[in-house]
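Trainee: only the shape, not the letters, is given here:
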């Protein structure tokens, strides 16, 4: 009898002890907020563009962690960010459906602006300044190129311009050798 | 016991089997212009002066289209600290100021000042010479060097005055004049030493006065004994007997600043530090000559010696060229009309830049223009781990591994394995039997890391702005609610008067 | 493409050809020692290696470009040189298949294999066919053996085995010095005595005129090839020097302490596959460390293991096992013994 009973007893006691330990530890080392959510938010480009279908980068991070969204919805982040998120979440990478567009900034054609402040309200990073009935101006270096200001403009005076390629920001492309291309295909070319 | 010559030969042969720690490579030096005296290049019909010809911030033009300028007149003023001015190379008229091609792998142009020479080549009337520099404040001399637009002519183009600070915490012990010129084909520094040694020595004395160096060394590779002889003679004439002329073995990249400092002083410049921090100052010989011109005669940097060479150059030469001379003009001067199957590059073949636009101008950093016959590049094959790249790397990197990390976008590993210590000398690519474009991978990796850093910094900024906005909206909402509550508490009964418009 | 715009002109193919050229003396000695049989073995192994490479690349639908990089031919040559002359044709074929498939293509081809393909194949053959892999023909210069200058005799041995020649087995074979000494030690005969009864001569070992694999026995020919590789900078001195010096030092010290139990340094340096392993196998670029300090440690490790296996293992020869074992730690050596980086010296 004891051959059966003893192991059961030992296991039960051990289970209880470890359970208690875990319970205490979870109280003692409680982490505020979801650390995974924060690390995913860290990876996102913070354009706050909403192309993922969520109102911003943080909400998308939350959605990914809670399983509501896939890892492949951040368009501006591209393959690199997707791979990093997939890695963090421990899931298979998934191809991004949309091609990220070239980096852009919003530009307000001042003479057409009526000063309605609707774009100012739409901008997720407060990168448009202006007062009611005054021209509005985009602070180009703070604009994330999210295009959220384009729709609300009642007179359609906002253009998305491609950011000029700066000499200082230019970088060497991957060498055009077959092996280099193969390596990148292996890394990023999953459907 | 006397050693027989065959014994010595045998010993040397055996030593050749076990080379101890010899980083670097021995490309054919191809210095076909080594014995050709420097001649003046003619003035082109149009000079193009990009507004940034140094490492650091671009200059601001201080002339307008239509202005007439004199030779040596400042036409663009330095902006910020790491910057140095630009001067008119000849007298003439400013035609326009607009973007023009420069020597850059991207092919992106730069704002440039176009000057049409009037042919008179008239100097600015009063040049601020300081022949009595030894009686003057070092700060004043540094300012003179700065305003004369002097940057490192070896190709790095670091504004020279910055290196000449007298820092009480870091005394300069060793002043090194770099006359190594280890790139194949190039002979501009070599000829300058042979022909203009007294001017270089004059510059050396100024540098010495400025930084109060105890030890001065002129470093020359042993394939230029005539340059060493000329320098020794000039030093003797100038009474600088204590300056040592060191002949160093010919090996690429001997002339790289950090490597040269280690060869001469035996100390390494710590990563992220300047030579100054270990008490060393390294100046190129051409820069030193330019300093002499600037201080003794007040002449700004408006011309430099350029080696025109290469296996496709009909008439190789060492030319004294005005800054701003278009490269294609020089090529035509040297008889190169048909550019079919010819590649033109600026600088030496190891670190030079291929020209994407031949109308790009000569700038302060153009030490050579090479016209080379186009050669098919061997395709990249798998690394066979022969380790030759590791043997030749003057920095002590493992290029094979680093390139693999860069190729696969593993940038964290690349950085951990010192990607940013790479000086891009090209020794690894030069020896790689698998023809892996190692340096290209490193440049790709560095560019990507820089872009990621920029993107991360911007993302952080955007995050802060976004959070600030959310807090603001939240605050406004709460304030609104509070006001509403206050109003409803104050006025229990509905008022016939409409409420005032809310303050935003 | 970025700078540099010039190249030294070296290429992987050239390096393979240089190694083959360096093996020429040893190959010629093999032909001198084993006549037609050596030629048969070498041509079979090389052809088989190239053939299997082609087959595998076809099966895996890879580019056929690696077929022309010379690596398969070199593997074939290496394999032939480490085989006993009397190894039958099917051993050569199995060896070539093992070298190319298990030794190389399984890992993704040239540059990715952790073990030297030829050595891996030899280990596989040795444990699979111990009899065939340890039957050492009497070399031609020693009178009384099979007449290998006769193509028919050589072909008979190659295709039908020694027995088919009708000559008594013991008359045409002999032991290797290492094997002889080891067996004698087991029967309690001290080393000096067994060497005397083997008629061991250092000169014979230098030239290669003794029992052993075809290309292993001539220390002189291999040394010649090794010096050529060193001069041409195909290999660096670190691995061979560390390897040989370690074996020499360990052998010399142990010999000094107990000459009856341990053979001398000269004996060990000239014996077995040490020279071939030190100059050609351990220096195989793909399977050795890339950085100098790692290479030194790799060489020392090979030396220690060789000496230990020779003196305490159950196999008489340990050089190839040593190299294959050390191949396993190459990634570790590469990671932890990097060159000092400029400006990071503390």
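Mentor: Alright, I've got the coordinates. This one's a predicted model, so the numbers in the text were calculated from it and none came from an experiment. Residues are numbered from 1 along each chain as shown, chains lettered A, B, ... in the order given.
Trainee: residues in chain A within reach of chain C, list them.
Mentor: Residues of chain A lying close to chain C (CB under 8 Å from any CB of the partner chain) are A:172, A:175, A:176. Yep, even glycine has a C-beta here, placed from its N, CA and C like the rest.
Trainee: skipping adjacent residues, who's closest to the spatially most central residue of chain A in space?
Mentor: The structure's chain A has its C-alpha centroid closest to residue A:44; by CA atoms, centre = their mean the separation is 3.0 Å. Spatial nearest neighbour of residue A:44, excluding adjacent residues (CB to CB, 6 or more residues apart in numbering or on different chains): residue A:57 at 4.1 Å.
Trainee: what's residue C:212 in contact with, if anything?
Mentor: C:84, C:136, C:176, C:272, C:273 (CB atoms under 8 Å, 6 or more residues apart in numbering or on different chains).
Trainee: for residue C:12, same thing?
Mentor: Counting by CB under 8 Å, 6+ apart, residue C:12 has contacts B:381, B:384, B:433, B:434, C:69, C:70, C:71, C:110.
Trainee: contacting residues around the closest residue to it other than its chain neighbours?
Mentor: Leaving aside its sequence neighbours, residue C:12 sits nearest to residue B:433 (CB to CB, 6+ apart; 4.8 Å). Contacts for residue B:433 (CB under 8 Å, 6+ apart) come out as B:384, B:386, B:388, C:10, C:11, C:12, C:14, C:15.
Trainee: now, of these, which are buried?
Mentor: When these are checked for burial by 16 or more other CB atoms under 10 Å in any protein chain shown, the buried set is B:384, B:386, B:388, C:10, C:11, C:12, C:15.
Trainee: nearest to residue A:51 among those residues?
Mentor: Of all these, residue A:51 sits closest to residue B:384, with 45.3 Å by CB to CB.
Trainee: and that closest one, how far from residue C:13?
Mentor: The spacing between residue B:384 and residue C:13, counted by CB to CB, to the nearest Å, is 11 Å.
Trainee: residue of the stretch 51-200 of chain B closest to chain A, please.
Mentor: Closest to chain A within the stretch 51-200 of chain B is residue B:106: 4.1 Å, counting by CB to the nearest CB.
Trainee: pLDDT value on that residue, please?
Mentor: Looking at residue B:106, its pLDDT reads 89.
Trainee: how many residues are close by the residue in the stretch 51-200 of chain C positioned nearest to chain B?
Mentor: As assessed by CB to the nearest CB, chain B sits closest to residue C:111 within the stretch 51-200 of chain C, at 3.7 Å. Using other CB atoms under 10 Å in any protein chain shown, residue C:111 is surrounded by 20 other residues.
Trainee: surely it and residue B:382 touch.
Mentor: Yes - using CB atoms under 8 Å, residue C:111 is in contact with residue B:382, at 3.7 Å.
Trainee: common neighbours of the two, please.
Mentor: Contacts common to residue C:111 and residue B:382, judged by CB under 8 Å, 6+ apart, are residue B:434.
Trainee: quick one: the strands in chain A?
Mentor: A:104-108, A:128-129, A:137-138, A:158-162 (DSSP state E).
Trainee: returning to what we had before: from residue C:110, how far off is the residue nearest to residue C:12?
Mentor: Residue B:433 is 12 Å from residue C:110, by CB to CB.
Trainee: who touches both of those two?
Mentor: Here residue B:433 and residue C:110 share the contacting residues B:384, C:12, scored by CB under 8 Å, 6+ apart.
Trainee: now do the same contact list for residue C:182.
Mentor: Per CB under 8 Å, 6+ apart, neighbours of residue C:182: C:310, C:316.
Trainee: burial count for residue C:332?
Mentor: Counted with other CB under 10 Å, the neighbours of residue C:332 add up to 12.
Trainee: still on that earlier bit, mind putting the residues of chain A next to chain C in CSV, distance to chain B, pLDDT and neighbour count included?
Mentor: Formatted as CSV, those follow (distance: CB to the nearest CB, whole Å; pLDDT from 0 to 100; neighbours: other CB atoms under 10 Å in any protein chain shown):
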residue, distance to chain B, pLDDT, neighbour count
A:172, 4, 91, 19
A:175, 4, 89, 24
A:176, 9, 82, 12
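Trainee: as TSV, those residues with distance to residue A:39 would be great.
Mentor: What follows is those, written out as TSV (distance: CB to CB, whole Å):
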residue	distance to residue A:39
A:172	30
A:175	32
A:176	35
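Trainee: just the ones of those in helices?
Mentor: In helices, judged by DSSP state H, none of the residues of chain A next to chain C are found.
Trainee: can you pull the contacts of residue C:17?
Mentor: Residue C:17 touches residue C:70, counting by CB under 8 Å, 6+ apart.
Trainee: so what's the residue of chain A found nearest chain B up against?
Mentor: Per CB to the nearest CB, residue A:171 is where chain A lies closest to chain B, at 2.3 Å. Residue A:171 is in contact with B:443, B:444, B:446, B:447, B:448, B:450, B:451, counting by CB under 8 Å, 6+ apart.
Trainee: now with 10 Å?
Mentor: Each residue near residue A:171 by CB atoms under 10 Å, 6 or more residues apart in numbering or on different chains is listed here: B:105, B:106, B:443, B:444, B:445, B:446, B:447, B:448, B:449, B:450, B:451, B:454.
Trainee: got it, and residue B:108?
Mentor: Applying CB under 10 Å, 6+ apart, the residues contacting residue B:108 are A:164, A:165, A:166, A:167, A:168, A:169, A:170, B:99, B:101, B:102, B:356.
Trainee: from residue C:290, how far out is the residue lying closest to residue A:79 once chain neighbours are set aside?
Mentor: Excluding the flanking residues, the one nearest residue A:79 by CB to CB, 6+ apart is residue A:188, at 4.4 Å. As judged by CB to CB, residue A:188 and residue C:290 stand 28 Å apart.
Trainee: where exactly do the helices run in the stretch 201-346 of chain C?
Mentor: C:202-207, C:219-231, C:238-257, C:265-270, C:274-276, C:292-312, C:319-328, C:330-336 (DSSP state H, counting those that start in this stretch).
Trainee: hey, what's residue B:99 bridged with?
Mentor: Bridge pairing for residue B:99 (DSSP bridges) gives the partners residue B:111.
Trainee: and it, how far from residue B:44?
Mentor: 19 Å.
Trainee: which of the two has more neighbours?
Mentor: Neighbour count, other CB under 10 Å: between residue B:99 and residue B:44, residue B:44 has more, with 23 against 11.
Trainee: assign a three-state SS to that one, would you?
Mentor: When classified by DSSP: H, G, I helix; E, B strand; the rest coil, residue B:44 comes out as coil.
Trainee: what does the one 5 residues further on give?
Mentor: Here residue B:49 takes the strand state, with states given by three-state DSSP.
Trainee: show me what contacts it?
Mentor: B:59, B:61, B:75-76, B:86-89, B:94, B:97, B:100, B:110-115, B:302, B:322-324, B:361, B:363.
Trainee: check residue C:161 too.
Mentor: C:86, C:88, C:89, C:132, C:135, C:169.
Trainee: same check on residue B:103?
Mentor: B:50, B:110, B:327, B:344-347, B:352-357, B:360-363, B:365-366, B:369.
Trainee: and the stretch 151-300 of chain B, which of its residues are near chain C?
Mentor: B:183-185, B:252, B:256, B:258-259, B:262, B:267-273, B:278 (CB under 10 Å from any CB of the partner chain).
Trainee: which of those residues fall in helices?
Mentor: Per DSSP H, these map to helices at B:258, B:259, B:262.
Trainee: residues of the stretch 251-400 of chain B that sit close to chain A?
Mentor: Counting by CB under 10 Å from any CB, the residues of the stretch 251-400 of chain B near chain A are B:377, B:379, B:380, B:381, B:382, B:383.
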